[in-house]
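J.: Provided below are the primary sequence and the corresponding predicted coordinates.
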Amino acid sequence: MKKWKNPLLLLLGIGISNIGGWIYLIALNLIVLDEWGSPMAVILLYVLKPAGALLTNGWAGSLIDRVNKRNLMATLDFFRAVLIAALPFLSTGWWMYVVVLFINMGSAIFYPAAMTYITTLIPGNDRQRFNALRGLIGSGAFLIGPGIAGLMFMMGTPTFALYLNAMALLLSGVITLFLPKLDDRSAVHTTGTKWEMIKADWKVVLNFSRRTALVMVLYILFTGMLVMTAAIDSLEAAFSKEVLHLSDSTYGYLVSIAGGGFVLGSLLNTALSHKLHHMHLMGAGSLVVSLGYIIYACSSDFLTIAIGFALLSFALAFATTGFETFYQEHIPVDIMGRVGSLYGLLEGVLVILLTVLIGVGAEALSIRGAVAGGSLFMLLITLILNMCLQNNSWKKQLKQHSECYNK
């Protein structure tokens, strides 16, 4: 238990922040819809998330790898808490979208910073179990957060729910400050202007990618699968209501089923984390996710789509744990912030392009055709990923690479 004191404290902070994040998402959607009375106003909120990543990921890694990660994480929690608390005063003007953009920029920096800190804090043998527990907490927040938000709306207003989220982030930041500061011996120091520093960091990532091409190919393939899930999910509501003609309440049941599948997958993943290899989780999990989307795309009734939703969310719990452990095992911690941020920039661009592309496909052809095409492309990506993971030559080189960076 002494060994797990700090990891459990970190998980507590992550859990509180995740629950608050769901409350914030639901409350903000309702506030915007009430104030503006336009679905397009709500859609703009979702565009701001990849936009925030695009504005930060080009330079955030340079910051992350040069500062104390614990302090940066706490500062970002406090920064987002203050901005969220200010939102109720800006809900009637366009300034609200500017504030939301800054909140998303803070979140885009937080994730690679947290991944770097987790890799430093958690010993190699415990990382997969920690990642499984983090997935379990995330799935719990998926179920608990909306429930708390609904309770807050019954007791007060969506504005009150935003204040609750701000308090959750403040608490998460305080908890983070109780974590060890860790020794930043790996911090990078570079002379020259900020632009020269950023360019030098991009070259570091490029050179690393060339030296470890096998690792980055697997990274990009799995990221491609995640990008496709985001693109296909943009048509989820339209597919359920316009193609299958489900009611709002029935669609709500589907979301609950997906949440339940993720919770069940996270529980089983946590229980078996010491027995399953992260490569197997990443490969098999991603393949089953794509099969779940194929079932979803071919469904013609509630039962079939429910099976697809449950299967893909169940498998996603395993796949993401495997990928996060793979990332921690094969990316050196001293450049992890720069690698994660720069490749996150690529991911953000792909999310926007493919979401627009699949939306155009839905308009030009049909919603089912667009979802089916996206699902088949995802299946192709995951088949290539599994072929690479099963290649004996690749497995040998990846093992050597992992041993090199985890001595």
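T.: Structure's in. What do you need? Numbering: from 1, shown residues only.
J.: Ile109 and Ile64 touch, don't they?
T.: Yes - between Ile109 and Ile64 there is a contact at 7.0 Å, judged by CB atoms under 8 Å. (Each C-beta comes from the backbone N, C-alpha and C, glycine too.)
J.: Determine the residues that are contacts of both of the two.
T.: With contacts taken as CB atoms under 8 Å, 6 or more residues apart in numbering, the residues that reach both Ile109 and Ile64 are 72, 341.
J.: how near is the closest residue to Leu398 other than its chain neighbours to Leu350?
T.: Closest residue to Leu398 apart from its sequence neighbours, by CB to CB, 6 or more residues apart in numbering: Leu214 at 6.2 Å. Computed as CB to CB, to the nearest Å, the Leu214 to Leu350 distance reads 21 Å.
J.: now do Ile358
T.: Taken as CB to CB, the span from Ile358 to Leu350 is 12 Å.
J.: what about the two, which has more around it?
T.: Between Ile358 and Leu350, Ile358 has the larger neighbour count (other CB atoms under 10 Å), namely 23 against 19.
J.: right, and that one touches Ala370 too?
T.: Yes - between Ile358 and Ala370 there is a contact at 5.0 Å, judged by CB under 8 Å.
J.: What residues sit buried inside the helix or strand that contains Leu169?
T.: Using DSSP states H and E, the element containing Leu169 is helix 158-177. Within helix 158-177, the residues that count as buried by 16 or more other CB atoms under 10 Å are 158-159, 161-166, 168-173, 175-176.
J.: what's His245 sitting at in phi/psi?
T.: Backbone torsions for His245, taken as degrees, to the nearest 10, come to phi 60, psi 40.
J.: Run a quick neighbour tally on it.
T.: Considering only other CB under 10 Å, His245 is surrounded by 8 other residues.
J.: State the distance from the residue nearest to Leu398 to Gln397.
T.: From Leu214 to Gln397 the distance is 6 Å (CB to CB).
J.: Same question for Ala372.
T.: Separation of Ala372 from Gln397 (CB to CB): 36 Å.
J.: neighbour-wise, which of these two wins?
T.: Just comparing Ala372 and Gln397: by other CB under 10 Å the higher neighbour count belongs to Ala372, 19 against 15.
J.: what's the span of stretch 228-244, first residue to last?
T.: Length of stretch 228-244, first residue to last, CA to CA, to the nearest Å: 21 Å.
J.: Enumerate the positions of it that are buried.
T.: Within stretch 228-244, the residues scored as buried using 16+ other CB under 10 Å are 228-232, 234-236, 239-240, 243-244.
J.: Helices of the stretch 301-407 of the chain, start to end?
T.: Secondary structure of the stretch 301-407 of the chain (DSSP state H, counting those that start in this stretch): helices at 302-330, 336-364, 367-390, 392-405.
J.: Of all these, which one is nearest Ala51?
T.: helix 336-364 (8.0 Å; CB to CB).
J.: can you pull the contacts of the residue nearest the centre of the chain?
T.: Centroid-nearest residue in the chain: Tyr111, 8.0 Å away (criterion: CA atoms, centre = their mean). Tyr111 makes contact with 340, 344, according to CB under 8 Å, 6+ apart.
J.: what's the offset of the helix or strand in which it is found from the middle of its chain?
T.: Per DSSP H and E, Tyr111 falls inside helix 95-121. Centre-to-centre, helix 95-121 and its host chain are 11 Å apart (CA atoms, centre = their mean, to the nearest Å).
J.: Stretch 337-349 too?
T.: On CA atoms, centre = their mean, the centre of stretch 337-349 falls 12 Å from that of its chain.
J.: export that stretch as PDB, just CAs?
T.: C-alpha atoms of stretch 337-349 as PDB (Å, rounded to 0.1, in the frame of the first residue of the first chain):
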ATOM      1  CA  GLY A 337       6.100  15.700 -24.000                       C
ATOM      2  CA  ARG A 338       7.400  16.800 -27.400                       C
ATOM      3  CA  VAL A 339       6.500  13.500 -29.200                       C
ATOM      4  CA  GLY A 340       3.000  13.400 -27.700                       C
ATOM      5  CA  SER A 341       2.300  17.000 -28.500                       C
ATOM      6  CA  LEU A 342       3.600  17.000 -32.000                       C
ATOM      7  CA  TYR A 343       1.900  13.800 -33.000                       C
ATOM      8  CA  GLY A 344      -1.200  15.200 -31.200                       C
ATOM      9  CA  LEU A 345      -1.100  18.100 -33.700                       C
ATOM     10  CA  LEU A 346      -1.200  15.600 -36.600                       C
ATOM     11  CA  GLU A 347      -4.100  13.800 -34.800                       C
ATOM     12  CA  GLY A 348      -6.100  17.000 -34.500                       C
ATOM     13  CA  VAL A 349      -5.700  17.800 -38.200                       C
END
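J.: The chain should start at 827 in everything you say after this.
T.: With 827 as the first residue, the last one maps to stretch 1163-1175.
J.: now it: mean pLDDT?
T.: Stretch 1163-1175 carries an average pLDDT of 87.
J.: what does that stretch contact?
T.: Defining contact as CB under 8 Å, 6+ apart, one finds that stretch 1163-1175 is touched by 876, 879-880, 882-891, 934-935, 937-939, 941-942, 1027-1028, 1030-1031, 1034, 1042, 1045-1046, 1049, 1052-1053, 1153, 1157.
J.: what's the answer for stretch 1202-1215, then?
T.: Residues outside stretch 1202-1215 that contact it (CB under 8 Å, 6+ apart) are 1040, 1043-1044, 1047-1048, 1050-1051, 1054-1055, 1058, 1105, 1108-1110, 1112-1113, 1115-1117, 1119-1120, 1220-1221.
J.: The same query, at a cut-off of 6 Å, please.
T.: The contact list for stretch 1202-1215 (CB atoms under 6 Å, 6 or more residues apart in numbering) reads 1047, 1050-1051, 1054, 1105, 1109, 1112-1113, 1116, 1119, 1220.
J.: Could you check it and say which residues are buried?
T.: For stretch 1202-1215, by 16+ other CB under 10 Å, it's 1203-1205, 1207-1208, 1211-1212, 1214-1215.
J.: Tabulate the CA atom coordinates of it in CSV.
T.: What follows is stretch 1202-1215, C-alpha atoms only, in CSV (Å, rounded to 0.1, in the frame of the first residue of the first chain):
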residue,chain,number,x,y,z
LEU,A,1202,-14.5,-0.5,-43.2
PHE,A,1203,-11.6,1.9,-43.4
MET,A,1204,-11.1,1.5,-39.6
LEU,A,1205,-11.2,-2.3,-40.0
LEU,A,1206,-8.4,-2.0,-42.7
ILE,A,1207,-6.3,0.1,-40.3
THR,A,1208,-6.6,-2.4,-37.4
LEU,A,1209,-5.9,-5.4,-39.7
ILE,A,1210,-2.7,-3.7,-40.8
LEU,A,1211,-1.9,-2.9,-37.1
ASN,A,1212,-2.3,-6.5,-36.1
MET,A,1213,-0.3,-7.8,-39.0
CYS,A,1214,2.6,-5.6,-37.9
LEU,A,1215,2.2,-6.7,-34.3
